[in-house]
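Q: Sequence and predicted structure are below.
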Amino acid sequence: MTKNLIYFSQSAELFEGPIFDSKYQLLYFVSILDGLVYCYNPNTKEILSIRLDSPTSNVYIVSEKVVLAASKNGFYEIDFNSLKYTFKFQIDIANNVRYNDGIEDAEGRYIIGTMGYPEVINGIGNVYSYENGESKVIIKNTTISNGLAFTSDNKTLYFIDTPTKKVAKYNYDIETGNIEFADYVIEFNEDGSPDGMCIDKDGMLWIAEWGGSCVSQWNPSTGKKNNEITLPFTNVTSCCFDDKSNLYITTAKNDEESSYKNGSGLFHVKLN
């Protein structure tokens, strides 16, 4: 296992939301508080960025070098071919929240959570599902809506509300987009709190640990931790797989750390 640090900005506070486009071999991620969306080509090492006018939390892949980005002021389609963006829609959210992690289901619904902004407020968030111009709340009263991951059969959605330090399991109806809480399947009892996550081909969850300096691998069927990848950053924010089942990992700034750790970083960890 090798780790490669791709370091972009000493001043960035919060790298998040990595997602890999296997078809076109591109990685997208965001710097939330800067409103920046990045498009990184790991083959050519080219990196492009576009700045939106409010905190921007995650992206959904649309086509080659085109994504839909969720910012506090709405969802924008970004075209990295032309370096232009266009407003597409907004969900009716409160003024004192912003979007956080999101995922697209197998039917093309945009699922996304919210959290208090500029201050975290207990229970003010929700998780929304958006389809054909309409949105609905599928999980209510969250605090810091974070990691989302579907099983390969689309019947289970795993979800993290970070302050609970737990991973929740929901039964998911792919035809209607409705969900039902099933159980808590993982609980964190050490320093790290679960943040973003992804799921591998074997159904294991890989969870970024804010305050835990690692990404940990868990079996949601047993609730047991299988593996751990340590990183030289305390605040690990999210992770995703590339087309070879290797990991991209984003991290955030920690004011108590010095040197390069005082910004945000992007890692590529070769597992295979």
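A: It's in. Residues are numbered from 1 along each chain as shown.
Q: Can you list the buried residues in stretch 20-31?
A: By neighbour count on 16 or more other CB atoms under 10 Å, the buried set for stretch 20-31 is 20-21, 26-31. In short, each C-beta sits where N, CA and C put it, glycine included.
Q: Just the strands from the stretch 1-150 of the chain, written as ranges.
A: 2-9, 15-21, 26-31, 36-40, 47-51, 56-63, 66-71, 74-79, 84-89, 97-104, 110-116, 125-131, 134-142, 145-150 (DSSP state E, counting those that start in this stretch).
Q: right, so of those, which gets closest to residue 224?
A: Shortest distance between residue 224 and the strands of the stretch 1-150 of the chain, using CB to CB, is found for strand 145-150: 17.2 Å.
Q: Identify the farthest-apart pair in the buried residues of stretch 20-31.
A: Across these (CB to CB), the longest gap, 18.8 Å, separates 21 and 31.
Q: rewinding a little: kindly reformat the strands of the stretch 1-150 of the chain as TSV containing distance to residue 228 and mean pLDDT.
A: Shown next, in TSV, are the strands of the stretch 1-150 of the chain (distance: least, CB to CB, whole Å; pLDDT from 0 to 100):
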stretch	distance to residue 228	mean pLDDT
strand 2-9	13	60
strand 15-21	19	96
strand 26-31	22	97
strand 36-40	25	96
strand 47-51	29	96
strand 56-63	25	97
strand 66-71	30	98
strand 74-79	34	98
strand 84-89	38	98
strand 97-104	21	97
strand 110-116	25	97
strand 125-131	27	97
strand 134-142	26	97
strand 145-150	16	97
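Q: would CSV of those with distance to residue 242 be doable?
A: Formatted as CSV, the strands of the stretch 1-150 of the chain follow (distance: least, CB to CB, whole Å):
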stretch, distance to residue 242
strand 2-9, 12
strand 15-21, 5
strand 26-31, 7
strand 36-40, 11
strand 47-51, 16
strand 56-63, 13
strand 66-71, 16
strand 74-79, 21
strand 84-89, 25
strand 97-104, 17
strand 110-116, 22
strand 125-131, 26
strand 134-142, 29
strand 145-150, 16
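Q: out of the ones you listed, which comes closest to residue 183?
A: strand 134-142 (14.3 Å).
Q: Determine the set of other helices and strands touching the closest one.
A: The contact analysis (3 or more CB pairs under 8 Å, 6 or more residues apart in numbering; DSSP states H and E) places strand 134-142 against strand 110-116, strand 125-131.
Q: now the angle between strand 56-63 and the first one, please.
A: For strand 110-116 against strand 56-63, the angle by axes from the mean of the first three to the mean of the last three CA atoms, to 10 degrees is 170 degrees.
Q: Show me what strand 110-116 is packed up against.
A: Counting by 3+ CB pairs under 8 Å, 6+ apart, strand 110-116 packs on strand 56-63, strand 66-71, strand 97-104, strand 125-131, strand 134-142, strand 145-150.
Q: still on that earlier bit, just name the most buried of the helices and strands packed on strand 134-142.
A: strand 110-116 (a mean of 24; mean count of other CB atoms under 10 Å).
Q: From the rest of the structure, what touches it?
A: For strand 110-116, contacts defined as CB atoms under 8 Å, 6 or more residues apart in numbering pick out 57-58, 60, 68, 70, 75, 91, 93-94, 96-105, 124-131, 138-139, 142-146, 148, 157, 159.
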